[in-house]
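[1] 3D, please:
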Amino acid sequence: MYAGDSEAICPSCGRYIGPRDVCPYCGARVKRRLSVRLLKIAAVILAVVGLLTVRFVAVYIQTPVVKVSEIKPSMNYAHIKMTGIVTRYPSLYSDGSLSFWIDDGTGEIMVKAYRFEAQELLQSGSIPAMGDRVEVEGSIRIREDFQYLVIDLPSKLVIVKPNISGSYSPAEIGLEHLGLKVEVVGTASGVRETSSGGIILYLEDVGGSIQVYIPPILRVLGFNETIMDGVRLKVVGYVSLYQGELEVVPGMPQEIEVLSQVFEYGRVSIAMVNESLVGSIIEVEGEIVEVRTYSSGTLVKLDDGTGTLDVWIPVEIYSEHPKVAMIAPTAKARAKGLLAVYKDKLEIKVSRVEDFQLLEEPAIEITSIASITESDEGRLFMIQAEITDVVQLSAGLKLLVSDGTGTIAVWIWNDLLEQITIADQFKPGVRIRVIGQLVIYKGTLELQPLSPESIEIIG
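    Numbering: from 1, shown residues only. The predicted structure is shown next:
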């Protein structure tokens with residue numbers, strides 16, 4: 001079997017020894033052809049040179065830094081380095097992957113970490129926040145009109161946190177702080193959770209308020225505080241602009257600190273309400289004397305005989321109220337919420353549907369236009385009349401209506417007009433039924449509907 005391979009046979013004892021240089025049976029040394037020895041030595045040398053080359057490339061050859069504007073289709077799957085400012089808070093997806101966006105001054109790009117890399121980043125706490133400067137290496141992926149960078153090694157993500165520019169009250173934060181990291185202290189109000197699991201709230205003090213958004217990723221990172229209206233908070237975060245409104249976005253759980261819990265005073269007379277109670281939960285009862293509807297909510301004025309107080313009901317709560325059409329003047333109501341200051345006026349901010357209760361429904365008088373007089377100001381009337389003229393003004397829509405006994409103006413503010421789905425049908429000759437509050441404007445009587453349900457077409 002081995003006769004044809006003399007170098008595999010010991011010349012001394014004749015036994016098979018394979019590639020060995022020394023016979024394991026008799027100890028004799030076997031002479032081999034020089035080419036075999038050279039091949040072994042060359043293989044070792046090549047292996048060593050290869051390892052040294054790899055080390056040299058890893059240590060001394062730098063990954064190219066590429067700008068967003070420099071990315072081309074031919075670079076697909078190329079390994080590059082990018083630097084920039086994080087402009088969107090990180091998002092964690094159901095498949096375990098994670099992404100955030102950076103801006104390098106020439107454009108924005110999404111940075112993505114798949115499941116295992118994302119898990120390592122989460123475990124090490126290496127999650128960037130809005131406003132952080134990052135340096136990241138990875139593979140560029142180009143898909144038609146979309147491009148993104150994939151993190152191959154979590155260790156190649158370097159995060160540099162910006163310094164806090166200063167500590168401010170909510171009212172002091174303005175457009176000049178956009179893009180800066182700030183510290184703000186105030187009382188939480190209007191706390192609500194978004195469908196994605198984030199938390200939106202306002203931090204308030206006597207001078208004003210600022211919106212705060214707590215991204216869902218902070219829950220994953222360990223944020224487990226329960227925040228409710230009235231809690232005193234200190235928040236450190238990045239100032240950004242969302243739908244035209246300034247907001248502060250914290251990036252880590254430790255950047256949200258609860259300074260004090262909410263204090264609940266219970267029911268008080270309106271005469272007792274003053275600035276010393278700002279930041280507390282109070283409850284008042286009274287008669288509704290005025291209702292104003294805006295795109296973001298409804299302002300109700302209550303009078304309990306000792307004074308008047310505004311109550312703010314956000315649109316998402318107002319629209320869900322089971323008796324929304326009955327929230328009108330002459331009704332009796334109980335309101336509970338955080339006492340805050342808005343444009344130098346005290347107001348209660350309702351945060352739950354059950355915190356605004358109607359104790360008595362309003363008195364709605366079905367009447368003819370001729371019987372309505374100036375002495376009825378503030379009362380609620382129902383009329384059925386025909387539209388005789390439609391006048392669109394900058395602040396709202398004015399309908400002149402007549403029921404055969406007289407003519408009166410029906411005024412619809414723009415904020416309310418946007419919520420009325422039948423508004424495009426308001427034309428001369430159309431008959432409508434209106435429930436509205438009587439208001440006197442520059443000596444002219446007007447009926448002002450209070451909700452979209454307060455006006456309907458009947459013919």
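
[2] What is the least confident helix or strand in this structure?
    For the chain, scoring each helix and strand by mean pLDDT, DSSP states H and E identifies helix 34-60 as the least confident one, at a mean of 70.

[3] next SSE after that one?
    Next helix or strand after helix 34-60 toward the C-terminus (DSSP states H and E): strand 79-92.

[4] Give the buried residues for the strand or helix carrying residue 359.
    According to DSSP H and E, residue 359 maps onto strand 356-360. For strand 356-360, burial by neighbour count (16 or more other C-beta atoms under 10 Å) applies to 356, 358. Where C-beta positions appear, they are placed from N, C-alpha and C, glycine not excepted.

[5] what mean pLDDT does that strand have?
    Strand 356-360 shows a mean pLDDT of 95.

[6] Strand partners (parallel or antiparallel) of that strand?
    strand 332-342 (antiparallel) (DSSP bridges).

[7] and the helix or strand following the strand it pairs with, what does it pack onto?
    Using DSSP H and E, the next helix or strand after strand 332-342 towards the C-terminus is strand 345-349. Strand 345-349 makes packing contacts with strand 308-314, strand 332-342 when contacts are defined by 3 or more C-beta pairs under 8 Å, 6 or more residues apart in numbering; DSSP states H and E.

[8] neighbouring contacts of the helix or strand just after the strand holding residue 359?
    Per DSSP H and E, the first helix or strand lying C-terminal to strand 356-360 is strand 364-366. Applying C-beta atoms under 8 Å, 6 or more residues apart in numbering, the contact partners of strand 364-366 are 328, 379, 380, 381, 382, 383, 435.

[9] Go through those and give me the one with the most neighbours.
    Most neighbours among the contacts of strand 364-366, by other C-beta atoms under 10 Å: residue 328, with 27 neighbours.

[10] wait, what's in contact with that one?
    288, 291, 362, 364, 380, 435, 437, 450.

[11] Could you tell me which of those residues belong to helices?
    Using DSSP state H, no member of the contacts of residue 328 falls in helices.

[12] Going by distance to residue 222, which of the residues you listed wins?
    Lowest distance from residue 222 to those (C-beta to C-beta) belongs to residue 291, with 43.8 Å.

[13] Quick check: can you list the domain ranges of the protein?
    As given by automatic domain parsing, the domain ranges for the chain are 68-160, 174-260, 264-360, 364-457.

[14] Name the helix or strand for residue 218, please.
    Take DSSP H and E as the rule and residue 218 turns out to sit in helix 217-220.

[15] And for residue 257?
    When elements are assigned from DSSP H and E, residue 257 belongs to strand 256-260.

[16] I'd like the distance from that strand to the chain centre, please.
    Relative to its chain's centre, strand 256-260 lies at 20 Å (C-alpha atoms, centre = their mean, to the nearest Å).

[17] Which SSE is immediately downstream of that strand?
    Elements were assigned by DSSP H and E; along the chain past strand 256-260, the next helix or strand is strand 264-267.

[18] Could I get the average pLDDT for that next one?
    On average, strand 264-267 scores 86.

[19] on contacts alone, who are the packing partners of it?
    If you count contacts as 3+ C-beta pairs under 8 Å, 6+ apart, strand 264-267 packs onto strand 281-293.

[20] quick one: the residue nearest to residue 326 when sequence neighbours are not counted and residue 287, what's the gap?
    Closest residue to residue 326 apart from its sequence neighbours, by C-beta to C-beta, 6 or more residues apart in numbering: residue 361 at 4.9 Å. Going from residue 361 to residue 287 by C-beta to C-beta, to the nearest Å gives 12 Å.

[21] So for those two, which sits in the more crowded spot?
    residue 287 (18 against 14).

[22] Check the more buried one and give its pLDDT.
    For residue 287, the pLDDT comes out at 95.

[23] can you pull up the bridge partners for it?
    Here residue 287, judged by DSSP bridges, has bridge partners residue 303, residue 332.

[24] could you list every residue that touches residue 294?
    Applying C-beta under 8 Å, 6+ apart to residue 294 gives the contacts 315, 413, 415.

[25] What distance do you get for it to residue 448?
    Residue 294 is 13 Å from residue 448, where distance means C-beta to C-beta.

[26] Need the residues touching each of these two.
    residue 413.

[27] shared neighbours, residue 361 and residue 287?
    Shared contacts of residue 361 and residue 287 (C-beta under 8 Å, 6+ apart): residue 331.

[28] where exactly do the strands run in the stretch 151-300 of the chain?
    Using DSSP state E, counting those that start in this stretch, the strands of the stretch 151-300 of the chain run over 157-160, 164-168, 181-193, 199-205, 208-214, 232-242, 245-249, 256-260, 264-267, 281-293, 297-303.

[29] Quick one: work out the angle between the second one and strand 245-249.
    Strand 164-168 and strand 245-249 meet at an angle of 110 degrees, taking axes from the mean of the first three to the mean of the last three C-alpha atoms, to 10 degrees as the criterion.

[30] From the contact counts, what lies against strand 164-168?
    Other helices and strands packing on strand 164-168, by 3+ C-beta pairs under 8 Å, 6+ apart, are strand 181-193.

[31] Recalculate using a threshold of 10 Å.
    Contacts defined by 3 or more C-beta pairs under 10 Å, 6 or more residues apart in numbering; DSSP states H and E place strand 164-168 against strand 181-193, strand 232-242.

[32] Now distance to residue 389, mean pLDDT and mean neighbour count too, for those strands, in TSV please.
    Below are the helices and strands packed on strand 164-168 laid out as TSV (distance: least, C-beta to C-beta, whole Å; pLDDT from 0 to 100; neighbours: other C-beta atoms under 10 Å):
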stretch	distance to residue 389	mean pLDDT	mean neighbour count
strand 181-193	40	90	20
strand 232-242	41	93	19
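
[33] Relative to residue 207, which of these is closest?
    strand 181-193 (9.6 Å).

[34] so how far is the closest one off the chain centroid?
    Its chain's C-alpha centre and that of strand 181-193 lie 13 Å apart, by C-alpha atoms, centre = their mean.

[35] ok, now stretch 108-118?
    Using C-alpha atoms, centre = their mean, the offset of stretch 108-118 from its chain centre is 20 Å.
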